[in-house]
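Participant: A structural model of the following input is requested.
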Amino acid sequence: QVQFVESGGGLVQAGGSLRLSCAVSGSTFRFNAFGWYRQAPGKQRELVASISIGGITKYSDSIKDRFTVSRSNAKNTVYLQMISLNPDDTAVYYCNSGIYVDGEFRYSERSWGQGTQVTVSS
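Facilitator: I've put the predicted structure just below:
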């Protein structure tokens, strides 16, 4: 069973930065694409970034040019570097593995990790 352990969240002031990590176990990491999602209170979970097996990245318009997704096949870990954070980025952040369908990332694991809370104060 694939497991995701997210970490690196915290409380940060607007304009600050954080680097999230997602440690993945139970899968052949290098053969999977991954996505970072976030869920704010009262809102649906949304995809913010994804990275393919070959390292090609895609981003949602809401975070483009501020977030960078990367992966380490040696460490079985996916990262999300976030800069210029604003209060709208406040959410619990999750990662999941998946595939691309018609160029769009779709997560594949039903079981999610606990997520990591990011809170941005104004």
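Participant: who's the residue nearest the centre of the chain bridged to?
Facilitator: Note on the chain: the residue nearest the mean C-alpha position is residue 36, at 2.2 Å, using Cα atoms, centre = their mean. Here residue 36 shows beta-bridge partners residue 49, residue 95, assigned using DSSP bridges.
Participant: Show the contacting residues for it.
Facilitator: Listed by Cβ atoms under 8 Å, 6 or more residues apart in numbering, the contact set of residue 36 reads 20, 22, 47-50, 67, 69, 78, 80, 93-95. In short, each C-beta sits where N, CA and C put it, glycine included.
Participant: Most neighbours among those, please name it.
Facilitator: With neighbours taken as other Cβ atoms under 10 Å, the top of the contacts of residue 36 is residue 95, carrying 31 neighbours.
Participant: in the chain, what spans have low per-residue confidence?
Facilitator: Scanning the chain with the threshold set as pLDDT under 70 gives no residue ranges.
Participant: so where do the helices sit in it?
Facilitator: Applying DSSP state H to the chain gives no helices.
Participant: Export the contacts of residue 36 to TSV and append columns for distance to residue 104.
Facilitator: Shown next, in TSV, are the contacts of residue 36 (distance: Cβ to Cβ, whole Å):
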residue	distance to residue 104
20	22
22	20
47	9
48	13
49	13
50	9
67	18
69	15
78	18
80	19
93	20
94	18
95	17
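Participant: before we move on, back to that, what separation is there between the residue nearest to the centre of the chain and residue 122?
Facilitator: From residue 36 over to residue 122 the distance is 23 Å, taken as Cβ to Cβ, to the nearest Å.
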